[in-house]
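Student: Prediction below, plus the sequence it came from.
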Amino acid sequence: AFATTQCMESINALRFKSLFSFSEQNLVDCDPQSNGCAGGSPFSAFMFISRTQNGQINLEDDYPYTGTDTNDCKFDPSKGYGRITGFMSVQAQSEEDLFKCVASVGPIAVCIDASLASFNSYSSGIYNDRQCSSTVLDHAVGCIGYGAEGGA
C-alpha cells in the first residue's frame, strides 16, 4: 500500500504541482489482493484502484492509517483524489526497462528482496547487497530515480 500511494503522490505532485497524502489504509481495508497488513502487490493495488475505485483513492486525512486490517472498506467516492488513467508493468530484472519507465513516467513501485539483515540497517542511497535474490521479492518500495553511487 505504501509504495502504491507513494507513486500516486509523487506523480500527482510532479504533474499538478500539488502534494497530497493518499490513504494507505484505503488499500489495506478495501483491496482484497493487498493481503491486509501482510503486504501485497503494487500491480494488484493499481489494478484495484483503476477498476474498482474509478482510478481514485481517499486522502490520508479522510481515511487515516491504523496499522490494522479492519476488513471494513470505508472508501468514499465523493472524497476521491488522484486519477489513475493507466499503468504498466516493467519486465522483471530489466534495468533498461526500469530506467525507461522512471524517465518517461516518473516514480514507480518496485518489489525487492528485503529478507536480509542488511536491509534492516539501510538508511539511504542505493541498497546493494550481492546476496539479494532477484526472485524472492517480499517488499515493495518507491523508485524515484536511478544512477550510480560509489561504484554501485
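Tutor: Right, received. Where do you want to start? Numbers count the residues shown, from 1 in each chain.
Student: So what touches the longest helix along the chain?
Tutor: Counting by DSSP state H, the longest helix found in the chain is helix 2-16. Helix 2-16 is contacted from outside by 18-24, 27, 42, 45-46, 49, 57, 81-82, 84, 105-110, 140-142, 144, using CB atoms under 8 Å, 6 or more residues apart in numbering. C-betas here are computed from N, CA, C, even on glycine.
Student: tell me what the next helix or strand after it is packed against?
Tutor: As assigned by DSSP states H and E, the chain's next helix or strand after helix 2-16 is helix 24-30. Where contact means 3 or more CB pairs under 8 Å, 6 or more residues apart in numbering; DSSP states H and E, helix 24-30 is packed against helix 2-16, helix 42-52, strand 57-58.
Student: Of all the ones you listed, which one comes closest to residue 129?
Tutor: Nearest to residue 129, of all the helices and strands packed on helix 24-30, is helix 2-16, at 19.2 Å by CB to CB.
Student: list the buried ones in the closest one?
Tutor: For helix 2-16, burial by neighbour count (16 or more other CB atoms under 10 Å) applies to 2-12.
Student: How far away from the center of its chain is it?
Tutor: Offset of helix 2-16 from its chain centre (CA atoms, centre = their mean, to the nearest Å): 9 Å.
Student: do the same with stretch 93-113
Tutor: On CA atoms, centre = their mean, the centre of stretch 93-113 falls 12 Å from the chain's centre.
Student: re the thing from before, compare the helices and strands packed on helix 24-30 and give me the one nearest residue 119.
Tutor: helix 2-16 (14.7 Å).
Student: Low-confidence ranges, this structure, go.
Tutor: 36-39, 151-152 (pLDDT under 70).
Student: run the last query once more with 80
Tutor: 34-39, 148-152 (pLDDT under 80).
Student: Could you export the buried residues of helix 2-16 as JSON lines, including distance to residue 120?
Tutor: Output for these, formatted as JSON lines (distance: CB to CB, whole Å):
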{"residue": "2", "distance to residue 120": "17"}
{"residue": "3", "distance to residue 120": "18"}
{"residue": "4", "distance to residue 120": "23"}
{"residue": "5", "distance to residue 120": "23"}
{"residue": "6", "distance to residue 120": "20"}
{"residue": "7", "distance to residue 120": "24"}
{"residue": "8", "distance to residue 120": "27"}
{"residue": "9", "distance to residue 120": "25"}
{"residue": "10", "distance to residue 120": "25"}
{"residue": "11", "distance to residue 120": "29"}
{"residue": "12", "distance to residue 120": "31"}
